[in-house]
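# fold the following and give me the result.
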Amino acid sequence: MNAPLHLWLIPLLPFAGFLINGILGRRLPKWIVTTVALLAPLAALGLVLNAAQGFFGIGATVSSLPYIETCPLPWINAGLLHIDFSFVLDQLSLVMLLVVTGVGFLIHVYSVGYMSDDEGYARYFSYLNLFLFFMTVLVLAGNALVMFIGWEGVGLASYLLIGFWFQKKSAADAGMKAFIVNRIGDFGFLIAMFLLVANFGTLTFTEIATKLGQDPGWNGGVVTVIALCLMMGAAGKSAQLPLYIWLPDAMEGPTPVSALIHAATMVTAGVYMVARTHVLFDHSPFALSVVAIVGAATAIFAATIALVQNDIKRVLAYSTISQLGYMFLGCGVAAYSAAIFHLMTHAFFKALLFLAAGSVIHAIGGEQDLRKMGGLWKKLPVTFAVTTVGVLAIAGIPPFAGFFSKDAILYAAFLQGTNGKILYSVGLLTALLTAFYMFRLWYMTFLGEPRSPQSHSHESPWSMRGPLLILAALSICGGWIWLFGFGEFLAPVLGARVTEASSWRLLVPYTQYSLSLETVLSIVAVLVALEGWLIADKFYRRKPARPAQWATAMPAGYKLLANKYFVDEFYGATVVKPLLGFSKVFLEWVVDVGILGGATWLLGGIATFAGAILQRWQSGNLRSYAAWLAAGAAALLLFLLVPWTTVLATLPAIHLGLAGH
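Coordinates of the predicted model:
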């Protein structure tokens, strides 16, 4: 099926918004800037919805849903290597586009109220549109090189948005940190592309899948190396161990930026890339194991740090890292549909939680410390209600969205033998910690007595509350999509997995069933989440003095978690300082003093020597000038009068005569 023109328009519309506001924004009225900024993602969303209608309106079975590819533009032709600039729309990219443009548009709307008084209003929205442009390019890419353009583009856009308030050193440093750490992961992506070209002769995803299917010998070996390099890139972009360190610092950007990065765009790119290239991982059990172990380790590692953080946005940042770990755990046990489903539901409730946190921060004058909040539910009733929905969703309480997607991953892990049960146990413990730290945030923010003056606290404007209500609705019912065959919908792209059962009979009591393993595991997961809630209730409502007592009783453990396991300090001591020291010695003494200084000295010496000669010519003495003029005239006459042709012709004879003599 040939792609309609509007497939190209999906990324081009946000890019047009970026150009208009980026070039003309400072000279345009604010209402025009706002209109351009909102119409671009809204029009892109409309095109995506139209494409979705085409998918679901065929009247065919799921397996025959369309695979749409644009008319590819010839791009690189080097010998046997041919790479086209092509976009592909299939079930997987459609789901991602709905998330990116849908949640992205709501964040744009929210930003109108949140950033209304900022001097960089037009610049902010131009960056936001640019972010959406690169993310849609990444999602639509039909080959790894086009994906890499979007991949690098979202890195650039994140640098611009994280460091948006560049006057603050902490914001500028955070943007640079995100940019540099992601370059480490991108190196792995580049190596993977080189290996794909060397071994498969193509970067097109469908051609790679075809060649892998035709030759059963593609197992392990170079495929493992390629998959691990891809995982390295994914770990950088999706903030997994050991490259997660940039994401907590990304909180320096405006809160809507945090929501966009954490929920709908950049951090989901790594999960999407692993799912898109799943055929490579399927041919390497070792690579899949690495993905699962990294995901599980990241999930529990970040969750433990979130337990004691007091900055409301940092709690949510470490929560994002932890939830991304769940997604990689799902990919690692080959439950790709469950991982993408959790990516989608996470976009709903994490965008909701970040934007709700922004509403709280906006209401109390920029304060982000949980210890200075409390009792806000009366002054911010809408924000309190939607935050409650978000907390219940991320904790995995039924029937909210997170219950379906998280439990689908845990169920798939449980079925993977002994190793799978270990991963399941780690995921279950992470669920307990998640429920605890999210209800801790909920209690400290909204309940109890106010811990600081709140006389000017007020609810956010409707431009901010509207997106919150829509996201709250999606966080309530978004998980129900799993009941209607979400896994089957993605099966033509990701393959059918028996581990991704979709019955969820626990929530369908009218169905005749026996107590299945799936139901038992669901009950266990819900009980664990409720236990986390009860512990938070005990510590932060009934006995609010207990957390401080525990921190005093276990100072070493508390300090370890509060300082985030000193990972940043470790990287600073073992990587950053040695590199800076080496750079100072090498650049200052070898490059600056040795090479540049030596070259400068040499050029200066040549100039001095030439100047000394010219100085004698330009002496100011008329007799000297006359002598030089006479010498020059004599040399010119000599050159003109001497028969140089004859002289040159006699030179060989003279040479032969001398030789004979």
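# which residues touch the residue most central in space within the chain?
Centroid check for the chain by Cα atoms, centre = their mean gives Met266 as the closest residue, at 2.6 Å. Residues in contact with Met266 (Cβ atoms under 8 Å, 6 or more residues apart in numbering) are Phe131, Met135, Val154, Gly155, Ala157, Ser158, Lys237, Leu260. In short, each C-beta sits where N, CA and C put it, glycine included.
# setting aside sequence neighbours, what's the nearest residue to Ser289?
Gly332 (6.7 Å; Cβ to Cβ, 6 or more residues apart in numbering).
# likewise for Val222?
Using Cβ to Cβ, 6+ apart and skipping the chain neighbours, the partner closest in space to Val222 is Asn199 (5.5 Å).
# can you tell me the element the one you found falls in?
Here Asn199 sits within helix 169-200, counting by DSSP states H and E.
# what do you get for Pro74?
With DSSP H and E as criterion, Pro74 is part of strand 73-78.
# got the angle for whichever helix or strand comes after that strand vs strand 73-78?
Counting by DSSP H and E, the element after strand 73-78 in chain order, helix or strand, is strand 81-85. Interaxial angle, strand 81-85 versus strand 73-78 (axes from the mean of the first three to the mean of the last three Cα atoms, to 10 degrees): 160 degrees.
# averaged pLDDT, strand 81-85. What do you get?
Mean pLDDT, strand 81-85: 91.
# what pairs with it, parallel or antiparallel?
Strand 81-85 pairs in its sheet with strand 73-78 (antiparallel), by DSSP bridges.
# name the residues that touch the strand it pairs with?
Against strand 73-78 from outside (Cβ under 8 Å, 6+ apart): His82, Ile83, Asp84, Phe85, Ser86, Leu145.
# between the contacts of Met266, which is nearest Lys421?
Distance from Lys421 was checked for each of the contacts of Met266 by Cβ to Cβ. The minimum falls on Lys237, at 29.6 Å.
# which residues does that closest one contact?
Applying Cβ under 8 Å, 6+ apart, the residues near Lys237 are Trp151, Val154, Gly155, Asn182, Gly185, Met266, Val267, Ala269, Gly270, Met273.
# look up how far Val257 lies from the third one.
Spatial separation of Gly155 from Val257 under the definition Cβ to Cβ, to the nearest Å is 14 Å.
# now the fourth one
When Cβ to Cβ is the yardstick, Asn182 and Val257 sit 16 Å from each other.
# these two: who's more crowded?
Using other Cβ atoms under 10 Å as the criterion, Asn182 and Val257 rank with Val257 on top: 29 against 24.
# related to what we said a few turns ago, list only buried entries from the contacts of strand 73-78.
Buried subset of the contacts of strand 73-78 (neighbour count, 16 or more other Cβ atoms under 10 Å): Ile83, Asp84, Phe85, Ser86, Leu145.
# distance check, the fourth one against Leu138.
This means Ser86. In terms of Cβ to Cβ, Ser86 sits 14 Å off from Leu138.
# before we move on, the earlier item: now flag whichever of the buried ones among the contacts of strand 73-78 is closest to Ala40.
Among the buried ones among the contacts of strand 73-78, Phe85 lies closest to Ala40 (Cβ to Cβ), at 21.5 Å.
# show me what the closest one is bridged to.
Beta-bridge partners of Phe85, counted by DSSP bridges, are Leu73.
# list the contacts of it.
Taking Cβ under 8 Å, 6+ apart as the test, what Phe85 contacts is Pro72, Leu73, Pro74, Trp75, Val146.
# try it again at 7 Å.
Pro72, Leu73, Trp75, Val146 (Cβ atoms under 7 Å, 6 or more residues apart in numbering).
# element containing the last one?
When secondary structure is defined by DSSP H and E, Val146 falls within helix 144-162.
# and the contacts of that helix?
Outside helix 144-162, the residues within contact range by Cβ under 7 Å, 6+ apart are 83, 85-86, 127, 130-131, 134-135, 137-138, 141, 171, 174-175, 178-179, 182, 186, 189, 193, 196, 203, 237, 250, 252-253, 257, 261, 265-266, 269, 273.
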